[in-house]
Each structure stands twice: as structure tokens, then as C-alpha cells.
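Peer 1: Next input, structure requested:
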Amino acid sequence: MLTKHAHERMQQRAIPPLVLDLLYRFGREQHQNGGTVLFFDQHSRRKALSALKDALQRFDKVSNTYVITAASDGRAITVGHRTKRIRQK
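Peer 2: Numbers count the residues shown, from 1 in each chain. The predicted model follows:
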């Protein structure tokens with residue numbers, strides 16, 4: 001979850017949410033002044049790049065996936081693989 005300030009800075013600096021996810025998963029942690037800085041060093045950059053390459057290779061197998069969400073709160077109700085075309089209105 002982001003603070004309003006962090007969300008605004010991401011927008012201003014054109015940092016996509018995927019990068020933040022990669023920082024949380026692979027970034028190096030350094031504690032400073034009661035907080036924690038997450039950043040990419042050479043090792044974490046390689047790990048993140050490897051994970052992205054692996055995900056891209058596997059994407060073709062799951063590119064026909066769908067999700068149905070509840071209108072009230074957006075929670076996922078079910079997921080599956082399309083076997084038929086979804087007609088667009």
C-alpha cells in the first residue's frame with residue numbers, strides 16, 4: 001500500500017508499479033534513520049532481469065487467461081483459460 005505522497009511521486013517520475021514490485025521482491029535493503037531503503041544493486045538487478053525473462057517466456061502459455069470480478073468490490077470471483085472468443089460490446 002502506498003501513501004498519497006509516494007503515489008504522486010511515482011506518477012510524476014513515471015515509475016510504473018511493476019518496478020516497485022520488483023524492488024520489493026529483489027531489491028537490496030539498507031536501513032537508514034529508522035527506515036529502510038530498497039534499491040537495485042548489480043546482484044538484485046540481475047535477479048530481477050532473470051525473473052522478467054522467465055515470466056516473458058511463460059507468458060505465451062497463459063496469455064488466454066481471464067478473470068471475472070465482482071461489481072461491488074472488484075474481488076476476483078473466478079479465473080480460467082479462454083476456450084472461446086469473448087465478444088466485445
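
Peer 1: Show the pLDDT at Leu20.
Peer 2: On pLDDT, Leu20 comes in at 94.

Peer 1: Quick check: next helix or strand after whatever helix or strand it lives in?
Peer 2: Per DSSP states H and E, Leu20 falls inside helix 17-26. Heading C-terminal from helix 17-26, the first helix or strand you meet, by DSSP H and E, is strand 28-32.

Peer 1: Can you list the strands that the helix or strand just after that following strand pairs with?
Peer 2: Proceeding C-terminally, strand 28-32 gives way to strand 35-39 as the next helix or strand, assigned by DSSP H and E. Using DSSP bridges, the strands paired with strand 35-39 are strand 28-32 (antiparallel).

Peer 1: Next, the distance between the ends of stretch 82-89.
Peer 2: One end of stretch 82-89 to the other measures 17 Å (Cα to Cα, to the nearest Å).

Peer 1: Enumerate the positions of it that are buried.
Peer 2: For stretch 82-89, the buried set under the neighbour-count rule, 16 or more other Cβ atoms under 10 Å, is empty. Bear in mind the C-beta positions are built from the backbone N, C-alpha and C, glycine included.

Peer 1: what does stretch 79-89 rub up against?
Peer 2: 62, 64-68 (Cβ atoms under 8 Å, 6 or more residues apart in numbering).
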